[in-house]
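A.B. asks: predicted coordinates and the sequence they were generated for:
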Amino acid sequence: MGSYEDDMALARRLQEEEVQAAAAALQSTQHARKEREFEGRLESSLATTLSYEDPLLRARALSVIPVQRIESEAQSEVSANLVPGQDVAHSAALKDAMVRALLKWFKRDFFKWVNSPPCDACGSATKGIGGVPPTDDERAHGAGRVENY
């Protein structure tokens with residue numbers, strides 16, 4: 001038979017093993033939860049990216065964007081900096097200029113920054129009171145977070 005000290009040492013080792021096993025299980029559970037969250041964000045981002053390929057959505061976007069104006073601005077920018085003998089139509093500079101012209105249009109003409117939108121009912125200024133979960137309609141259109149005023 002073992003001594004009391006031997007029994008206590010064995011009990012401590014068993015208890016330490018249980019604590020380590022519980023910690024490992026908790027860590028594994030937390031890891032699995034984080035992995036599921038990451039997979040959810042990845043799937044959501046993939047769905048958003050794939051929506052850009054939808055012909056109907058692309059047509060709707062192009063119906064709003066002044067493509068000819070943007071192309072013209074890009075052509076002018078590239079032509080002003082063109083190296084003799086360089087083909088404007090196929091240059092990487094033209095693509096870059098197109099992106100800059102699109103960004104300029106978006107920031108200056110299309111997008112309007114609003115610090116506090118007017119009240120829908122009376123038109124007076126509103127005050128932000130934080131974020132709220134999106135409504136079903138907002139969620140159906142891709143909203144994940146909504147500001148409440």
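C.D. replies: Yes, it's here.

A.B. asks: next, name the residue at the spatial heart of this structure.
C.D. replies: Ser45 (6.9 Å; Cα atoms, centre = their mean).

A.B. asks: which pLDDT value goes with that residue?
C.D. replies: Ser45 carries a pLDDT value of 89.

A.B. asks: right, and the helix or strand after whichever helix in the chain runs longest?
C.D. replies: Criterion DSSP state H: the longest helix present in the chain is helix 4-51. For helix 4-51, the following helix or strand on the C-terminal side (DSSP states H and E) is helix 55-64.

A.B. asks: distance check, the residue nearest to the centre of the chain against Leu103.
C.D. replies: 22 Å (Cβ to Cβ, to the nearest Å). Yep, even glycine has a C-beta here, placed from its N, CA and C like the rest.

A.B. asks: same thing with Ala92?
C.D. replies: Ala92 is 17 Å from Leu103, by Cβ to Cβ.

A.B. asks: swap in Ala74?
C.D. replies: Taking Cβ to Cβ, one finds Ala74 at 11 Å from Leu103.

A.B. asks: who's more crowded, these two?
C.D. replies: Ala74 (21 against 11; other Cβ atoms under 10 Å).

A.B. asks: fine by me, thanks again.
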